[in-house]
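**Student:** here is my input, please return the structure:
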Amino acid sequence: MGTVVSLAIPATLPESHVVEDALEAATAVVERLFAELDRTFSLYRPDSEASAMARGELALRDASDDMRRLYVEASEWRTLTEGAFTAERPDGVVDLAGIVKAHAIREAGTSLRALGLTDWCLNAGGDVLVEGSPIPGTERAWLAGIVDPADRTALLTAYPLAGSVLAGSVPAKSAKHALATSGTSERGEHIWTAGLRPGRGGGFSQVSVAAADIITADVLATAIMAGGPQTLDLASARWEVDILAVGNDGGLLATPGFRSLVSKAG
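**Tutor:** Below you'll find the predicted structure:
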């Protein structure tokens, strides 16, 4: 996937070698998961399953269980987002890039929990999934930075994930564990803007979505980029998410929940 992945866990255990062993084991698991998914889903690898499908050498019905399951999940999101998110390129090639990184992060998170890790932050190319707190046993949140699309060396703001900056201020069922950002400043116009039809208004240069899970956050960030303001309204009404969007004119649009939590974090 060509993605830089980082994993952070608090260095608060009594023996430093315990921290090192836990981090080493967790890192190995995450690296293996991303490598395996890359071999299946990457369209940049000629030997991948996705590339064989793109060349017409492999039909979807004959693909692996992982490929077919993820395609079904992506297709369900196409319906939920009213077509703003899609699993096919305009030329008809199946391309699950809009969901596969989030799927990899989700699977890595499951593995980290299976290892018994309760406090960690996983960052894959700017998409973040967290568990617990950077200070175990406290309500302190992990802070996920959002890059300024006009200046990749600067941050627009930081969003608190999982823990609560103010104890008890976020109900457990409303806690956001994931933040995903989609935009054009780093990879150019790589998103299919089929949703930006006449009458839908202007588009965005970057969209960040905070949600309880990484799939929802990542898919909706991509969908809003593709569908524009109408899809942003749909997402904020249908899902319990917080959104920060940067307009093509440089203006910022933030949902009330986003403004509230960022203000408390500051």
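
**Student:** in the helix ranked longest in the chain, what counts as buried?
**Tutor:** When the chain is parsed with DSSP state H, its longest helix is helix 16-41. The neighbour-count check on helix 16-41 (16 or more other CB atoms under 10 Å) flags Ala22, Leu23, Ala26, Val29, Val30, Leu33, Phe34, Leu37, Asp38, Thr40, Phe41 as buried. (Glycine included, C-beta is placed from N, CA and C.)

**Student:** out of these, which comes closest to Val4?
**Tutor:** Phe34 (10.5 Å; CB to CB).

**Student:** give the contact list for that closest one.
**Tutor:** With contact set as CB atoms under 8 Å, 6 or more residues apart in numbering, Phe34 has these partners: Met1, Thr3, Val5, Ala104, Ala108, Ala124.

**Student:** in helices, which of these fall?
**Tutor:** Judged by DSSP H, the contacts of Phe34 include Ala104, Ala108 as members of helices.

**Student:** all helices for the stretch 151-266 of the chain, in order.
**Tutor:** 214-227, 229-238, 256-265 (DSSP state H, counting those that start in this stretch).

**Student:** which of these sits most buried?
**Tutor:** helix 214-227 (a mean of 28; mean count of other CB atoms under 10 Å).

**Student:** returning to what we had before: are any of the contacts of Phe34 buried, and if so which?
**Tutor:** With neighbours counted by 16+ other CB under 10 Å, these contain buried members at Met1, Val5, Ala104, Ala108, Ala124.

**Student:** count of neighbours near the residue nearest to Gly247 when sequence neighbours are not counted?
**Tutor:** Distances taken as CB to CB, 6 or more residues apart in numbering place Phe204 nearest to Gly247, at 5.8 Å, with adjacent residues excluded. Residues near Phe204, counting by other CB atoms under 10 Å, number 27.
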